[in-house]
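Asks: next input, structure requested:
(one chain, ligands or ions: 1)
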Amino acid sequence: MRPPAHILVLGGTTEARRLAATLTGTPGETSGDTSGDTSGVRVTTSLAGRVSRPGDLPGEVRVGGFGGTEGLAAWLREHRVSALVDATHPFAATISEHAVRAADAAGVPAVLLRRPGWLPGPGDRWHDAASLDGAARRLPALGNRVFLTTGRTGLAAFAALDGLRFLVRSVEPPAPPLPRHAEVLLARGPFTVEGETALLRDRRIDVLVTKDSGGTATAAKLTAARTLGVPVLVVRRPPPPAGATVADDVPQVLALLRAHGLPD
Ligand code: NAP
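Replies: Residues are numbered from 1 along each chain as shown. Take a look at the predicted model:
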C-alpha cells in the first residue's frame with residue numbers, strides 16, 4: 001500500500017490553519033471547498049515558534065526553524081513530503097525564499113499561498129511606504145498620536161521619533177528598542193470595527209500605521225480609520241520570490257495540488 005500524501009504547510013497565518021483544516025477534513029474550520037477526497041492525507045504545519053500560545057492546529061505540528069534552505073530541503077526529503085505549501089505571512093520574506101529554493105532542490109512541488117493585499121476604498125486617506133524605515137520617515141508629517149500595528153519586530157525604525165506618541169499593538173511583547181513615548185497594548189485579533197473605532201477615538205489617534213498584510217480578518221482597523229477620517233500609512237509587502245507559484249486562497253491551493261495529483 002502506498003503511504004499517504006504528506007503535505008507540509010509553512011504556517012503562522014489564518015490561511016495556514018484553514019488549509020490544514022480543509023486538508024484534514026476538520027469540521028467547522030474548512031475553506032468551504034470540500035470537493036475531493038482528502039482522506040489519507042498527512043498534513044504537517046510548521047511554525048517558527050515566535051508565538052508562545054499558537055493554539056491547536058489540525059494535523060501534525062512541528063515548531064522551529066529548519067536551518068536555512070538546506071535544512072528545509074533535508075526535512076522535505078527525510079519526511080517524504082509530497083508537496084509544500086508556503087502559507088506564511090506576506091512579510092515573512094526569508095522563509096518564502098527558502099521554501100522556493102528548498103522545494104526545487106528536493107524536487108517537491110510548491111505553492112505560495114498569499115492572500116491579496118488591501119486596496120483603498122472611497123473615503124480612505126492612505127499613504128504608501130516601501131518599508132518600515134520609509135514609514136518612519138513619512139510619519140511626522142502625517143500625525144502626532146500614532147497607532148502602530150506593524151507587529152512586534154522592526155520597531156527600531158520608529159525609535160528615534162521622540163516627538164510622537166505611540167500606541168503599539170502586538171500579540172507578543174515588542175522587541176526593543178521602542179520609541180520613547182510608547183504604550184504597548186498586547187492583543188490578538190480578530191478585532192471588530194466597533195472595537196477599533198472606539199480605540200482610535202478614545203486614544204485620539206491621528207494616524208494609523210499598518211503593514212499591507214491583506215485578508216479580511218484584520219481589516220477592521222482600516223474601516224475604523226475610514227469612518228473617523230484618520231490617515232493610514234501602509235507599508236507595502238515584499239514581492240513574492242522569483243519562480244513561486246502563487247495562489248490567492250485555499251481553493252486555489254487545492255486546485256494546484258490536484259493538478260499535481262494531490263491529495264491522492
Ligand atoms: P522570516 O523572517 O521570513 O523567517 C526567518 C526565519 O524564521 C526563517 O529563515 C526560518 O528559519 C524561520 N521560520 C519562519 N517561518 C517559519 C515557519 N513557518 N516554520 C519554520 N521556520 C520558520 O519570518 P518572520 O517574518 O520572522 O515570521 C515568522 C513567522 O511568523 C512566520 O511563520 C510568519 O507566517 C509569522 N508571521 C509573520 C508576520 C510578519 O509580519 N513578518 C506577521 C504575522 C505572522 P530557518 O532559516 O532556520 O529555517
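Asks: what's the closest non-adjacent residue to the residue in the stretch 51-200 of the chain that the ligand sits nearest to?
Replies: Of all residues in the stretch 51-200 of the chain, Gly65 sits closest to the ligand, at 2.3 Å by C-beta to the nearest ligand atom. All C-beta spots, glycine's among them, are computed from the backbone N, C-alpha and C. Nearest non-adjacent residue to Gly65, counting by C-beta to C-beta, 6 or more residues apart in numbering: Ala48, 6.6 Å away.
Asks: how about the contacts made by Leu113?
Replies: Glu15, Ala16, Leu19, Val85, Asp86, Ala87, Ala247, Asp248, Asp249, Val250, Gln252, Val253 (C-beta atoms under 8 Å, 6 or more residues apart in numbering).
Asks: filter those residues to the buried ones?
Replies: Among these, those buried by neighbour count (16 or more other C-beta atoms under 10 Å) are Glu15, Ala16, Leu19, Val85, Asp86, Ala87, Ala247, Asp249, Val250, Gln252, Val253.
Asks: for Arg236, give me its contacts.
Replies: Neighbours of Arg236 in contact, by C-beta under 8 Å, 6+ apart: Gly117, Asp128, Ala129, Ala130, Asp212.
Asks: same check, this time on Arg180
Replies: Neighbour list for Arg180: Ala159, Asp162 [criterion: C-beta under 8 Å, 6+ apart].
Asks: can you show me the strands along the chain?
Replies: Counting by DSSP state E, one finds strands in the chain at the ranges 6-10, 42-47, 60-63, 83-86, 110-113, 126-129, 145-148, 165-170, 182-186, 207-211, 232-235, 246-247.
Asks: who are the packing partners of the second one?
Replies: Under the contact criterion of 3 or more C-beta pairs under 8 Å, 6 or more residues apart in numbering; DSSP states H and E, the helices and strands touching strand 42-47 comprise strand 6-10, helix 14-24, strand 60-63.
Asks: neighbouring strands for the last one, and are they parallel or not?
Replies: Strand partners for strand 60-63, identified by DSSP bridges, are recorded as strand 42-47 (parallel).
Asks: and the strand it pairs with, anywhere near the ligand?
Replies: Yes: legend: contact between strand 42-47 and the ligand by C-beta under 6 Å from any ligand atom is shown at Ser46, Leu47.
Asks: what's the angle from that strand to helix 14-24?
Replies: Angle between the axes of strand 42-47 and helix 14-24 is 170 degrees (criterion: axes from the mean of the first three to the mean of the last three C-alpha atoms, to 10 degrees).
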